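Colleague: the sequence and its predicted three-dimensional model are supplied below.
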Amino acid sequence: MTTENMSPALNIGDAFTVNPFADKSEPIKRFDIVVFQAPEETKKISGESGDVRYVMRVIGLPNEKLEIKDNKIYIDDKLLDEPFEKFVDEKDARKNFRAIVIPENEYFLMGDNRPHSNDSRYYKPATIKREDIYGKVFEIFPEYYKKS
């Protein structure tokens, strides 16, 4: 799993624990950091195969209208307040994203390092199905691998 797309929440050298969903009915909330199965087309582009998992933040929930204008996210036409540190860049090719309605049991996921995140803005379809989300990150150990 790569964490570059989640900097500054997760950085290279950090470790984290994941609470796997024992029951697929466990709720997923906005801003949860989740581990999910990488979309097939993304694995083809990156040259990866098999069981590839990504780590990203839940931004959009089922049945919501989501749109991105100049790096600002709108949910149901209201500006989303993102209460965490993130990186954006005016030169980001995906600083704008057309409005979509997120299907039932699907989620729109983004990395916190937006210019370097291969996230829902690039996927076709743009959303990740609930059954492809393995669990939530519930504890982060900063620089765990740098201490060893």
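Modeller: Now that the structure is in, tell me what you want to look at.
Colleague: now the one residue sitting closest to the centre of the chain: closest residue in space that isn't a chain neighbour?
Modeller: In the chain, the C-alpha nearest the mean C-alpha coordinate belongs to Met56, at 2.8 Å (Cα atoms, centre = their mean). Spatial nearest neighbour of Met56, chain neighbours left out: Leu109 (4.0 Å); criterion: Cβ to Cβ, 6 or more residues apart in numbering. In short, each C-beta sits where N, CA and C put it, glycine included.
Colleague: so which residues of this structure form strands?
Modeller: Assigned by DSSP state E, the strands in the chain fall at 15-20, 33-37, 53-60, 65-69, 72-75, 78-79, 97-101, 106-110, 128-129, 133-141.
Colleague: where's Glu131 relative to Met56, distance?
Modeller: 16 Å (Cβ to Cβ, to the nearest Å).
Colleague: same deal with Lys136?
Modeller: Noted for Lys136: a distance of 12 Å to Met56, by Cβ to Cβ.
Colleague: what sits in contact with each of the two?
Modeller: Listed as contacting both Lys136 and Met56 by Cβ atoms under 8 Å, 6 or more residues apart in numbering are Ile33, Val34.
Colleague: follow-up on the earlier one: and the residue nearest to the centre of the chain, what pLDDT?
Modeller: Listed pLDDT for Met56 reads 95.
Colleague: can I assume it is in contact with Ile33?
Modeller: Yes. Between Met56 and Ile33 there is a contact under Cβ atoms under 8 Å: 7.2 Å.
Colleague: give me the common contacts of those two.
Modeller: Listed as contacting both Met56 and Ile33 by Cβ under 8 Å, 6+ apart are Met6.
Colleague: what's the burial count for Tyr74?
Modeller: By the criterion of other Cβ atoms under 10 Å, Tyr74 has 16 neighbours.
Colleague: distance of it from Phe141?
Modeller: Distance from Tyr74 to Phe141, counting by Cβ to Cβ: 34 Å.
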